[in-house]
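**Student:** Show me the folded form of this:
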Amino acid sequence: MELNRRGLLAASALTALGAPRLARAQGKGEVIIAATGGLMERSLQEHFYKRFEQEAGIRVRSIPIELPDQWARAQAGARSGNVPFDIVTATPPDLIQHAEILQTIDCKGMPGIVAHALPNACFDKGIIRTAGGMTMVWSKKAFPDKGLASWADFFDVQKFPGPRSLPDTGDREWWVPLAALMADGVPRDTLFPMDLDRAYRKLDTIKPHVAAWWKSGDNCMQIMRGGDAVMTMAYSSRSVPLAKSGEFDFTWNQAIRDVGNWAVLKGGPNTQNALRFLDFFVQNAKEHLAFSEKVSFDSNNREAPALVPEAERRFRPSWPENWDKLVIADYDWIAQNRPALRERWVTWLTA
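**Tutor:** Alright, predicted model coming up:
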């Protein structure tokens, strides 16, 4: 991850002198961005939305919304011709599943993306916004002498007793079954296609020990801080601040890579402004560094990793020692099987 210093200086000069002036000269109107609320929205506002408004002269209307509701409104808007958003938040399977309502992006024709985006982080239907992992987090008070090393430990209620917490967010119903397969000994290179019968047999063994099903990242942290659970599956954006508090710890081992993307809806009210925002978003390494420190996700700027202090590298998912531990899902398989995955999850959870 070494960065050529001369290239960084040139890129910084381009950002400081060229892109904002061009954006200001051309800017008008607004852009409507749908994203999850809480810490993520507040941090996007502080580091990107406000600067875009100031430098491009384009108002950002931020709509806090959970992913299932976002996609329901986007699909309804595509059918009616009244598209409600310009930019939406998308998981990798979403980019496949909803491709027909997403604007194709000319990655090579966007100067900011060409100069500043991470390699291979712009796709036909979206760009990477944030990257992290679904990690295991545990209470150091409950386990002062040992921590979890794998999902097998998470499922081992004899070795690691106490109430658990797991996510039921309505948008990634494959996370928990995938962890169950790893807990049951399935190697990471044979996790897909997922053996759902095996996964749910393993999940049956831990269900009585799940004290809380969290709905959001903030909810997850409340559960852990309140002592309602001694361990949880958590976004790295929540596990990192929990670990930094000194009361909890986490591991990147077998964490499920969690990538959030920006995508542009076809026929939105401000498509050109939306594309301009994506090109703006990937610029300014210092803002990305500060943003990543707040949300504990890495973001899409190629210069930012070189600026991360050594003491912080343990907490950064894209640092090589951490990145290699992340489990990458087969998003094509997930997209093709999304309805069956959802039905199986809801049926099991409510049984």
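
**Student:** What are the boundaries of the helices in the stretch 151-300 of the chain?
**Tutor:** 151-155, 175-183, 196-206, 217-225, 236-244, 271-281, 285-295 (DSSP state H, counting those that start in this stretch).

**Student:** With mean pLDDT as extra columns, can I get those helices in TSV?
**Tutor:** Shown next, in TSV, are the helices of the stretch 151-300 of the chain (pLDDT from 0 to 100):
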stretch	mean pLDDT
helix 151-155	98
helix 175-183	98
helix 196-206	98
helix 217-225	95
helix 236-244	93
helix 271-281	98
helix 285-295	93
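
**Student:** could I get those helices as a markdown table with distance to residue 351 and mean neighbour count?
**Tutor:** From N, CA and C alone the C-beta is placed, and that goes for glycine too. What follows is the helices of the stretch 151-300 of the chain, written out as a markdown table (distance: least, Cβ to Cβ, whole Å; neighbours: other Cβ atoms under 10 Å):
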| stretch | distance to residue 351 | mean neighbour count |
| --- | --- | --- |
| helix 151-155 | 19 | 21 |
| helix 175-183 | 15 | 23 |
| helix 196-206 | 10 | 17 |
| helix 217-225 | 22 | 19 |
| helix 236-244 | 28 | 23 |
| helix 271-281 | 42 | 22 |
| helix 285-295 | 35 | 20 |
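
**Student:** Compare the ones you listed and give me the one nearest residue 38.
**Tutor:** Distance to residue 38, taken as Cβ to Cβ, is lowest for helix 217-225 among these, at 5.1 Å.

**Student:** what packs against that closest one?
**Tutor:** On a contact count with 3 or more Cβ pairs under 8 Å, 6 or more residues apart in numbering; DSSP states H and E, helix 217-225 meets helix 39-44, strand 164-167, strand 210-214, strand 231-235, helix 236-244.

**Student:** What is the last one packed up against?
**Tutor:** Which is helix 236-244. strand 126-139, helix 217-225, strand 248-264.

**Student:** Between the helices of the stretch 151-300 of the chain, which one is closest to residue 81.
**Tutor:** Nearest of the helices of the stretch 151-300 of the chain (Cβ to Cβ): helix 271-281, 14.1 Å.

**Student:** any idea of the angle the closest one forms with helix 285-295?
**Tutor:** Relative orientation of helix 271-281 and helix 285-295, computed by axes from the mean of the first three to the mean of the last three Cα atoms, to 10 degrees: 90 degrees.

**Student:** list the helices and strands helix 271-281 packs on?
**Tutor:** Using 3+ Cβ pairs under 8 Å, 6+ apart as the contact test, the elements touching helix 271-281 are helix 19-26, strand 30-35, helix 50-56, strand 87-90, helix 111-116, strand 126-139, strand 248-264.

**Student:** and the helices and strands packed on helix 217-225 as JSON lines, adding distance to residue 348?
**Tutor:** Formatted as JSON lines, these follow (distance: least, Cβ to Cβ, whole Å):
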{"stretch": "helix 39-44", "distance to residue 348": "29"}
{"stretch": "strand 164-167", "distance to residue 348": "12"}
{"stretch": "strand 210-214", "distance to residue 348": "12"}
{"stretch": "strand 231-235", "distance to residue 348": "16"}
{"stretch": "helix 236-244", "distance to residue 348": "24"}
